[in-house]
Each structure stands twice: as structure tokens, then as C-alpha cells.
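Undergrad: what would the 3D arrangement of this be:
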Amino acid sequence: MNAAGRTSTRIVSAMLAVGAVAGIGWYASGERPGGAAPAGVAAPAPVKPKAPDPTLRSGLLKNRELPVERYLVSYADASTEKAALLKSVQACMARYGLTYEPPSTDGAIPPPSDNSANLERRYGLADKASAEQWGYELPGGRQELPAWERTPAQMDALYGKDAEGKVLETINGLPVPKGGCSAEAAGEVGRQDEEAVSDVNAESFKEALDEPAVQKSLGDWSACMKTRGYEYKTPFEITQGPKEEDWGSSPEAKKVAVDEVECKQSTGLLDVWFATESRIQEQKITAKKAVLERAKQHNQSVVLRSRAALR
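TA: Here you go, the predicted structure:
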């Protein structure tokens, strides 16, 4: 692998790490019933969070949308599916005399973006007002979830096997569906299919980083940051390395955050980066059009079944 390839790989790894902090992981969680969204680091004076508004974006990426977002599952649709799966699991558990009441997380710790493209922080910070107020912290700050642990009986029913992995034929004298209550719920409601679109989402980011136009703009941004006393080749390097727990919302972090965004604005980095990746995504979407459209139709049917199940 050449030097450019190694650099690109490191940047992609950093982007994925930033994405996890920013909330992308909620969409990829395979355990939807009772699953929790990841939180950021500690923040001062948390405000009551709310679901991301898919119609609003602010800062340097205001009113932008990546092509891949046409096929990604929205926060609202993912939440609907999650609620329907939970309701189905609860009905299944009740057959065995079990309750299943995980703490509600809907709207408690929403990701900053409406979908896993995470455009709000895909290229690092893009909103100066948010940078001034929150630094590298997520707006709203860390929200602690109530502690909750499934009982062994709940786990047996949920997955249809005991702690040793033995498949259970019956529980309390009643037959157990193959794969347990979680599999039964998935069969009734369905699960969103984002395999193909997730590949496009990840591949386009990596390939855009290797494009000469993006590399040049990153160099311009790095030079701008150097005039302000920083030595960063990419925005993702800023949050790497050991940091104090509350560093993300500290005065120091807020200053760096504002400088990051101002240098992006003066160099036009995000315009170039967004346009380059959009072009790459359109090419990939064209090549996978049939697969992506089938998945989109499937996902729409899952949402319809989910809504019906919740009535």
C-alpha cells in the first residue's frame, strides 16, 4: 500500500470513530429492541434532546443532501421499526408469562443526523454556531440511560437458546419459535435492508478522500489552520489522541472548533468535498440502481408493516 493509501485508510478509520461518537452507530445496531444510541462525551448544561429534523441543516452544508440519502433509512422510520419489533417481542414473551420492558430511548439520545450519512459531521464540523456553543460535543450533551439488564429467562425466550447455546424446544411447556422471540418479531415486522446502500455510503467516502481535488482542498485547509497555530492535516486529527473527559466542550476545544469551521469556509473545502463525493455516489448508485431500488421498496414495506403493528 502506498503512502496515500495508508493516509486514506487512517482517515477513514478516524471518520468511522468520529461517526460512532456522533451517533451513526444507532442505525447499525443489530439489536433494535431495547437498543441504545451511543452518546458523546460529557457536556455542560444539557438541553432536552429531540429527534433530528430531516428538513433542516445549518452551517456550511445547509440545504445539502448526498445522493445516497435517497436510499438510507431515516431516523423516524428506524424508530417506527424499532417500536414495532419491541411490541412483537413483548407479545411473544407474554406467552411464556414474561414481561419485557426495556427503558424507552426514543428521542432520548438521537443522532445529530436524520440518517447514517451523518452529513452534519461527515467531514468534521460544519456549523460555526454549534462549534461556538458545543465545541466537539454533540448538541444536547451526554444523556445517561437507566440501567437495565435482561433476566436469564428473558434471554432464553428472546433468542430461543439457553446460556450454553442449547436450542430450546419449549419454555414453560410451550413451543419456542426458531430463533426465539427476536426472530419471530423480525418475521412479522421485517428488518430494514441497508447492505447495498451502506457499501455505497462507506466506499464513496474513502474514494473521495483519494481524489486530487479533495487532497488539494485539505492541504489548503491545513495551511489555514497552521496560520492559527495548529498542525492538522485533516479535520479528523483534531479529536484523536488522549483527551480529558470534558475536553470536547472546553473553551480550548470551542476555539479549535470555530477555527476548523472558519478555515473550511475560507478555503471552500466542504464545497469541493461534497461535490466530489456526490459525483462518486451518483456513479455507484447508477451501477447498483436495481439492488438499491429493491431494498428501498422493501424498507418502505417494513415501515408500513411497522405502522400497522403499532395501531
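
Undergrad: and stretch 167-176, average pLDDT?
TA: Here the mean pLDDT over stretch 167-176 is 96, rounded to a whole number.

Undergrad: just stretch 71-89 next, same as before
TA: Mean pLDDT, stretch 71-89: 94.

Undergrad: do a quick rundown of the helices in the chain.
TA: 3-22, 25-28, 75-95, 119-122, 128-134, 152-159, 180-189, 195-209, 212-227, 251-267, 269-287, 289-310 (DSSP state H).

Undergrad: what number of residues lie near the closest residue in space to Ala208 that isn't next to it in sequence?
TA: For Ala208, the nearest residue in space outside its immediate sequence neighbours is Glu277; the separation is 3.9 Å by Cβ to Cβ, 6 or more residues apart in numbering. C-beta coordinates here come from the backbone N, C-alpha and C atoms, glycine included. Glu277 sits with 26 neighbouring residues when counted by other Cβ atoms under 10 Å.

Undergrad: now do Leu310
TA: Using other Cβ under 10 Å as the criterion, Leu310 is surrounded by 12 other residues.

Undergrad: now the residue nearest to it when sequence neighbours are not counted: how far from Leu145?
TA: Sequence neighbours aside, Ala84 is the residue nearest to Leu310 in space, at 5.5 Å (criterion: Cβ to Cβ, 6+ apart). Spatial separation of Ala84 from Leu145 under the definition Cβ to Cβ, to the nearest Å is 21 Å.

Undergrad: more neighbours, the two?
TA: Set Ala84 next to Leu145 and count neighbours by other Cβ under 10 Å: Ala84 wins out with 24 against 14.

Undergrad: dump the residue contacts of that one.
TA: Contact analysis of Ala84 by Cβ atoms under 8 Å, 6 or more residues apart in numbering lists Val189, Arg305, Ser306, Arg307, Ala309, Leu310.

Undergrad: and the closest residue to Thr80 other than its chain neighbours, how close does it get to Pro146?
TA: The spatially closest residue to Thr80, leaving aside those adjacent along the chain, is Ser306, at 4.6 Å (Cβ to Cβ, 6+ apart). With distances defined as Cβ to Cβ, the gap from Ser306 to Pro146 amounts to 24 Å.

Undergrad: which of the two has more neighbours?
TA: Summary of the neighbour comparison: Ser306 and Pro146, criterion other Cβ under 10 Å, with Ser306 having more neighbours (24 against 10).

Undergrad: so that one makes contact with Arg191?
TA: No. The pair formed by Ser306 and Arg191 falls short of the contact definition of Cβ atoms under 8 Å, at 10.3 Å.

Undergrad: overlap in contacts, these two.
TA: By Cβ under 8 Å, 6+ apart, Ser306 and Arg191 have these common neighbours: Glu81.

Undergrad: residues contacting Glu211?
TA: Glu211 neighbours (Cβ under 8 Å, 6+ apart): Thr276, Ile280.

Undergrad: tell me the pLDDT of it.
TA: According to the prediction, Glu211 has pLDDT 98.

Undergrad: counting neighbours, what do you get for the nearest residue to Lys233 once chain neighbours are set aside?
TA: Residue nearest to Lys233 in three dimensions, not counting chain neighbours: Ser222, with 5.3 Å by Cβ to Cβ, 6+ apart. Applying other Cβ under 10 Å, we find 19 residues neighbouring Ser222.

Undergrad: and Pro103, by the same measure?
TA: Considering only other Cβ under 10 Å, Pro103 is surrounded by 11 other residues.

Undergrad: picking up where we left off before, closest to Ser104 out of the contacts of Ala84?
TA: Using Cβ to Cβ, Leu310 comes nearest to Ser104 of the contacts of Ala84, at 13.9 Å.

Undergrad: list the residues that contact that closest one.
TA: Leu310 sits in contact with Thr80, Ala83, Ala84, Lys87, where contact means Cβ under 8 Å, 6+ apart.

Undergrad: mind doing that once more with 10 Å?
TA: Contact analysis of Leu310 by Cβ atoms under 10 Å, 6 or more residues apart in numbering lists Thr80, Ala83, Ala84, Leu86, Lys87, Val189.

Undergrad: Tyr71 now?
TA: When the contact criterion is Cβ under 10 Å, 6+ apart, the partners of Tyr71 are 115, 117, 194, 196-198, 200-201, 281, 285, 288-289, 291-293, 295-296, 299.

Undergrad: low-confidence stretches in the stretch 51-200 of the chain?
TA: Counting by pLDDT under 70, the stretch 51-200 of the chain has low-confidence residues at 51-56, 105-110, 141-143.

Undergrad: was I right to think Asp220 contacts Val272?
TA: Yes. The pair formed by Asp220 and Val272 meets the contact definition of Cβ atoms under 10 Å, at 9.1 Å.
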